[in-house]
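Engineer: Just a sequence and a predicted model for now, questions to come.
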Amino acid sequence: VKIIIRIFDAESLSTSNALFTPCLLQLFGNGTAVLRKSDDDRAPQARFFPPLQEPMLLPGTFKNKVAFITGGGTGLGKGMTFTLSSLGAECVIASRNLDVLKATAEEISSQTGNKVHPVQCNVRDPDSVKATVDQMVNDVGLPDVVINNAAGNFISPSERLSANAWKAITDTVLNGTAYITLDIGKRLIAAQKGAAFLCITTIYADSGSGFVMPSASAKAGVEALCKSLVAEWGRYGLRFNIIQPGPIKTKGAFSRLDPTGKFEKLMIERIPVGRLGTVGEIANLAAYLCSDYASWVSGATIKIDGGEYSFMAGEFNSLSLVTKEQWDVMEAIIRQTKGS
Ligand SMILES: CCCCC/C=C\C/C=C\C/C=C\C=C\C(=O)SCCNC(=O)CCNC(=O)[C@H](O)C(C)(C)COP(=O)(O)OP(=O)(O)OC[C@H]1O[C@@H](n2cnc3c(N)ncnc32)[C@H](O)[C@@H]1OP(=O)(O)O
Ligand SMILES: NC(=O)C1=CN([C@@H]2O[C@H](COP(=O)(O)OP(=O)(O)OC[C@H]3O[C@@H](n4cnc5c(N)ncnc54)[C@H](OP(=O)(O)O)[C@@H]3O)[C@@H](O)[C@H]2O)C=CC1
């Protein structure tokens with residue numbers, strides 16, 4: 001019994017449970033300015049799971065197609081734009097920072113040879129969304145692919161959030177997705193043109209999550225929006241799918257969700273594949289779901305997280321830390337037990 005107590009007292013300090021111990025206090029001891037690369041950013045088993053990042057679909061899969069990607073200037077949006085553009089799409093990328101969009105558009109089109117159009121857009125503002133869609137229609141026509149990827153998020157105890165903090169996140173994630181989808185959807189229906197919509201949510205859209213409550217609420221709303229339209233707008237030639245990514249190391253996410261760089265190791269310890277995901281892996285899944293190879297896929301919600309969600313959900317999963325010798329002791333104790 002003493003051994004078991006020692007196992008769960010000592011080893012829990014080095015697991016994700018450490019978040020619930022006084023160790024948490026140490027995480028912020030070094031200040032919050034540095035977004036540092038971890039010294040040890042892979043577990044040994046990651047060697048079995050190499051990330052293949054190059055576009056996997058056939059060249060020309062998106063030839064003569066127009067793809068509209070919100071938040072396409074950075075992170076996952078930039079990666080999805082690169083992959084779609086490599087496969088022949090003419091892409092329109094939209095977000096608030098026009099300089100970033102222009103730089104990304106130039107970088108991608110110079111590599112793929114296909115046009116990428118940067119358009120300034122604040123998805124929180126329906127008038128800005130309308131102006132953006134007007135410009136897209138004028139420049140390249142209505143899209144075949146719409147990716148709702150723009151988002152805002154930061155970690156914070158909910159009791160520290162102002163009404164405006166809640167509004168900043170939910171306006172971007174939920175209302176932004178609604179404004180984009182309604183504006184483009186209505187025009188597609190009027191024009192009798194089909195399209196594939198994709199929403200990027202997150203693994204905690206199902207479970208909720210403390211410390212990112214507005215994001216969790218808004219992402220759950222985005223999923224309800226998509227699933228509702230699967231049923232309602234299929235008859236117009238529109239299909240809707242959802243990708244729930246686990247952690248991918250983008251500057252936008254990690255600077256706001258792991259500001260000290262101390263959570264990364266804890267995350268990797270709870271990802272069965274032993275590493276973070278990569279932008280290219282998300283981009284390949286997104287390209288498949290938005291391509292005609294996935295014409296019969298509508299209403300799918302796909303987790304791509306190296307098994308993290310399943311690991312966190314299972315009551316006993318942290319027992320993977322128990323050693324063979326410790327199992328020998330515990331098995332002996334269990335076998336000696338008679339009756340109830
Ligand atoms: C166990 C540990 C796990 C670690 C996990 C690590 C990695 C990730 C793993 C999984 C990720 C899963 C999901 C990820 C989801 C994402 O969405 S990541 C994408 C993140 N990208 C972005 O957020 C980009 C865009 N963000 C922004 O523009 C800004 O960050 C912001 C969302 C704040 C909006 O900016 P802006 O419009 O300029 O707003 P304001 O600065 O005016 O702020 C609005 C109100 O919000 C308050 N506020 C801002 N920051 C904080 C904070 N840190 N804490 C509390 N409150 C904050 C601000 O004060 C304003 O309110 P008031 O007007 O003052 O009332
Ligand atoms: N990285 C990760 O670990 C995970 C990310 N995700 C999701 O992936 C998506 C991309 O995130 P990621 O690439 O990591 O982070 P980024 O911060 O790089 O991407 C967010 C994008 O949204 C744009 N954006 C934010 N607010 C607005 C707005 N009001 N109007 C228009 N565009 C806006 C930003 O551009 P700008 O500032 O120019 O407006 C930025 O390009 C998000 O939906 C996120 O929730 C989900 C799970 C995990």
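Structural biologist: The structure has been received and is ready for your questions. Ligands and ions are numbered 1, 2, ... in the order given.
Engineer: which residues does Thr61 contact?
Structural biologist: 87-88, 287, 291-293 (C-beta atoms under 8 Å, 6 or more residues apart in numbering). Glycine gets a C-beta too; all of them are placed from N, C-alpha and C.
Engineer: Among those, which one sits closest to Ser207?
Structural biologist: Closest approach to Ser207 among the contacts of Thr61 (C-beta to C-beta): Ala287, at 27.3 Å.
Engineer: hmm, which two among the contacts of Thr61 are most spread apart?
Structural biologist: Using C-beta to C-beta, these reach their maximum pairwise distance at Gly88 and Tyr293, which is 13.8 Å.
Engineer: Show the residue spans covered by the helices in the stretch 151-300 of the chain.
Structural biologist: Along the stretch 151-300 of the chain, counting by DSSP state H, counting those that start in this stretch, helices occupy 163-170, 176-191, 204-207, 213-233, 251-257, 263-269, 279-290.
Engineer: Gly88 and Tyr293: who's more crowded?
Structural biologist: The neighbour comparison of Gly88 against Tyr293 (other C-beta atoms under 10 Å) goes to Gly88, with 19 against 13.
Engineer: what's the nearest residue to the residue in the stretch 151-300 of the chain that ligand 2 sits nearest to if we skip its chain neighbours?
Structural biologist: Here the stretch 151-300 of the chain gets closest to ligand 2 at one residue, Gly252, 1.8 Å apart by C-beta to the nearest ligand atom. Nearest non-adjacent residue to Gly252, counting by C-beta to C-beta, 6 or more residues apart in numbering: Gly75, 5.0 Å away.
Engineer: which residues does that neighbour contact?
Structural biologist: For Gly75, the contact set (C-beta under 8 Å, 6+ apart) comprises 248, 250-253, 279.
Engineer: Most neighbours among those residues, which one is it?
Structural biologist: Greatest neighbour count in these, by other C-beta under 10 Å, goes to Val279: 21 neighbours.
Engineer: Pull the contacting residues for it.
Structural biologist: Shown in contact with Val279 (C-beta under 8 Å, 6+ apart): 53, 75-76, 78-79, 248, 250.
Engineer: How about Pro118?
Structural biologist: Neighbour list for Pro118: 73, 93-94, 98, 101-102, 104-105 [criterion: C-beta under 8 Å, 6+ apart].
Engineer: cool, and Asn149?
Structural biologist: Asn149 makes contact with 69-72, 76-77, 80, 200, according to C-beta under 8 Å, 6+ apart.
Engineer: Most neighbours among those residues, which one?
Structural biologist: Gly72 leads the contacts of Asn149 on contacts (other C-beta under 10 Å) with 34 neighbours.
Engineer: three-state assignment of the residue nearest to that one when sequence neighbours are not counted?
Structural biologist: Spatial nearest neighbour of Gly72, excluding adjacent residues (C-beta to C-beta, 6+ apart): Ile93 at 2.9 Å. Assigned by DSSP: H, G, I helix; E, B strand; the rest coil, the conformation of Ile93 is strand.
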